[in-house]
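Visitor: Provided below for reference: sequence and predicted model.
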Amino acid sequence: NAGVTQTPKFRVLKTGQSMTLLCAQDMNHEYMYWYRQDPGMGLRLIHYSVGEGTTAKGEVPDGYNVSRLKKQNFLLGLESAAPSQTSVYFCASSYSTGDGELFFGEGSRLTVL
Amino acid sequence: AQSVTQLDSQVPVFEEAPVELRCNYSSSVSVYLFWYVQYPNQGLQLLLKYLSGSTLVKGINGFEAEFNKSQTSFHLRKPSVHISDTAEYFCAVSDNYGQNFVFGPGTRLSVLP
């Protein structure tokens, strides 16, 4: 059972380049999230989705875009990477109702030079 | 809006000693409370959760937490820690629909031999 899978796990970009992080979950969860983790700041929500075809902004959405074309996938895009986007990115998913537990991927470490 | 405070950014403790990691939250609505653990280079895993009922919640690996509504706290405890408990611990709060998660900044627990 894979759970939540993120690709790629590591990436180095130059300022101005673009890239997409892919998150896939096999638990049939309705809700999916993208967080970034920076030292001393915990996890901050970038964007989230409450179902296929819907997305919404979180706490720190600027510079990122997302898409949820299929229920099992949630893509995070950086159109023009900046050094401030150097971070570890985590995808998570959860059921739409119930106890609200989040299931996390292993993270994607992005460095922008 | 909800917020979470973890007063201790780092907690060093000797092996087999007890430990308490503090968490305080603020919210204008009823909440669910969570503790997540992050081992080095991994994603977050659920340690325990409070949804309702008994205020003392037991989780995995011998951890427990107590919900104190009057003090708006949800401190995490373990009577005897092991080297393998070395990790970062995050307190989180969500609304009582199990959504709108907010994470604290994390506490790094270092267990010393």
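Guide: In hand now; what should we look at?

Visitor: In terms of helices and strands, where is the spatially most central residue of chain A?
Guide: With the centre of chain A defined as its mean C-alpha position, the nearest residue by Cα atoms, centre = their mean is residue A:34, 2.8 Å away. In this assignment (DSSP states H and E), residue A:34 forms part of strand A:31-37.

Visitor: So which elements touch that strand?
Guide: The helices and strands touching strand A:31-37, judged by 3 or more Cβ pairs under 8 Å, 6 or more residues apart in numbering or on different chains; DSSP states H and E, are strand A:19-25, strand A:43-51, strand A:73-78, strand A:87-94. For glycine as for every other residue, the C-beta is placed from the backbone atoms N, C-alpha and C.

Visitor: residues making contact with that strand?
Guide: Where contact means Cβ atoms under 8 Å, 6 or more residues apart in numbering or on different chains, the residues beyond strand A:31-37 that reach it are A:21, A:23, A:25, A:43-51, A:58, A:60, A:64, A:66, A:68, A:74, A:76, A:87-96, A:102, A:107, B:99, B:101, B:103.

Visitor: Save the helices and strands packed on strand A:31-37 as CSV, and put in mean pLDDT and mean neighbour count too.
Guide: Rendered in CSV, the data for the helices and strands packed on strand A:31-37 read as follows (pLDDT from 0 to 100; neighbours: other Cβ atoms under 10 Å in any protein chain shown):
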stretch, mean pLDDT, mean neighbour count
strand A:19-25, 97, 19
strand A:43-51, 92, 20
strand A:73-78, 97, 20
strand A:87-94, 95, 23
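
Visitor: Following element in sequence after the host helix or strand of residue B:36, please.
Guide: Element membership for residue B:36, per DSSP H and E: strand B:31-38. Following the chain from strand B:31-38 toward its C-terminal end, the next helix or strand by DSSP H and E is strand B:44-50.

Visitor: Tell me the secondary structure at residue B:61.
Guide: Following DSSP: H, G, I helix; E, B strand; the rest coil, we place residue B:61 in the helix state.

Visitor: what does chain B have sitting close to chain A?
Guide: Listed as neighbours of chain A in chain B under the rule Cβ under 8 Å from any Cβ of the partner chain: B:4, B:9, B:32, B:34, B:36, B:41-46, B:49, B:51, B:90, B:92, B:94, B:97-99, B:101, B:103-106.

Visitor: ok, of these, which come out buried?
Guide: Among these, those that count as buried by neighbour count (16 or more other Cβ atoms under 10 Å in any protein chain shown) are B:4, B:32, B:34, B:36, B:43-44, B:46, B:49, B:51, B:90, B:92, B:94, B:98-99, B:101, B:103-106.
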